[in-house]
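# just a sequence and a predicted model for now, questions to come.
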Amino acid sequence: MRVSFDLDEVLFVSPQTHKTEPPLPFPLNRFFQERLRLGTPDLINSLQKMGYEVWIYTSSFRTERYIRRLFRCYGVHLDGIVNGERHMREVQQKSRTILPQKMPNRYRISLHVDDEAVICSAGSLYGFRTYQLFAQDDDWKDKIIARAESIKKLERPEDED
């Protein structure tokens, strides 16, 4: 099962409004200026130990290489990345119909975590599951794991019980 996260205001947050991981040491902090929400590396590593693939699905145009390197600095390996460029190339393509900025089901993502209500509400219209992460929430990791586990039970074939 795959779980994806948006970056801006979900995993990349401001230290003025959220608890964050410590900044990276110099000179890495000059190149990677984004700050991770406190607990991000622990959550991603925990999900992966539980058997989930963890992806980033962002509408930003940061390169896959940049995103992978930043997370690697925090000891995190990502299983997949969809950025704005990949989404436009593989999902939107030349369609005349404007699709949502994110379509996690196109990548077999079972749960997408986002802060934007418009993305979360699009899930019911386009057939993907979401968790809306609001501002600072000290229990965010437990809530996301619980949501992922509930979806895993729904997706598990009956013969596995």
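Happy to help now that I have it.
# kindly provide the whole-number mean pLDDT of the top helix by length along the chain.
Scanning the chain for the helix with the most residues, using DSSP state H, yields helix 140-155. Helix 140-155 shows a mean pLDDT of 94.
# chain center to that helix, what's the gap?
14 Å (CA atoms, centre = their mean, to the nearest Å).
# what's next to it, contact-wise?
1, 3, 37, 39, 42-43, 46-47, 50, 52, 110-111, 113, 129, 131, 133, 137 (CB atoms under 8 Å, 6 or more residues apart in numbering). (C-beta placed from N, C-alpha, C; glycine too.)
# show me what the lowest-mean-pLDDT helix or strand in the chain is packed up against.
In the chain, no helix or strand scores lower on mean pLDDT, DSSP states H and E than helix 117-126, which sits at a mean of 89. With contacts taken as 3 or more CB pairs under 8 Å, 6 or more residues apart in numbering; DSSP states H and E, helix 117-126 sits against strand 111-114, strand 130-132.
# and the longest helix of the chain, what's buried?
For helix 140-155, burial by neighbour count (16 or more other CB atoms under 10 Å) applies to Trp140, Lys141, Ile144, Ile145, Arg147, Ala148, Ile151, Lys152.
# pLDDT weak spots in this structure?
157-161 (pLDDT under 70).
# can we see that at 80?
Across the chain, the ranges flagged by pLDDT under 80 are 94-99, 156-161.
# on that earlier part again, can you give the contact residues for the least confident helix or strand of the chain?
With CB under 8 Å, 6+ apart, helix 117-126 has contacts from 6, 99-105, 112, 114, 128-132.
# now, which of the residues you listed sits nearest Arg30?
For Arg30, the nearest member of these is Asp6. The distance, counting by CB to CB, is 24.7 Å.
# distance of that closest one from Ile81?
12 Å (CB to CB, to the nearest Å).
# find residues that contact each of those two.
Ile56, Tyr57, Thr58.
# which one of the residues you listed has the most neighbours?
Tyr57 (27 neighbours; other CB atoms under 10 Å).
# contacting residues around Arg129?
Going by CB under 8 Å, 6+ apart, Arg129 touches Ser110, Leu111, His112, Gly123, Ile151.
# from the chain's centroid, how far away is stretch 123-138?
With CA atoms, centre = their mean, you get 10 Å for stretch 123-138.
# buried residues in it?
Quick answer for stretch 123-138 (16+ other CB under 10 Å): Gly123, Phe128, Arg129, Thr130, Tyr131, Leu133.
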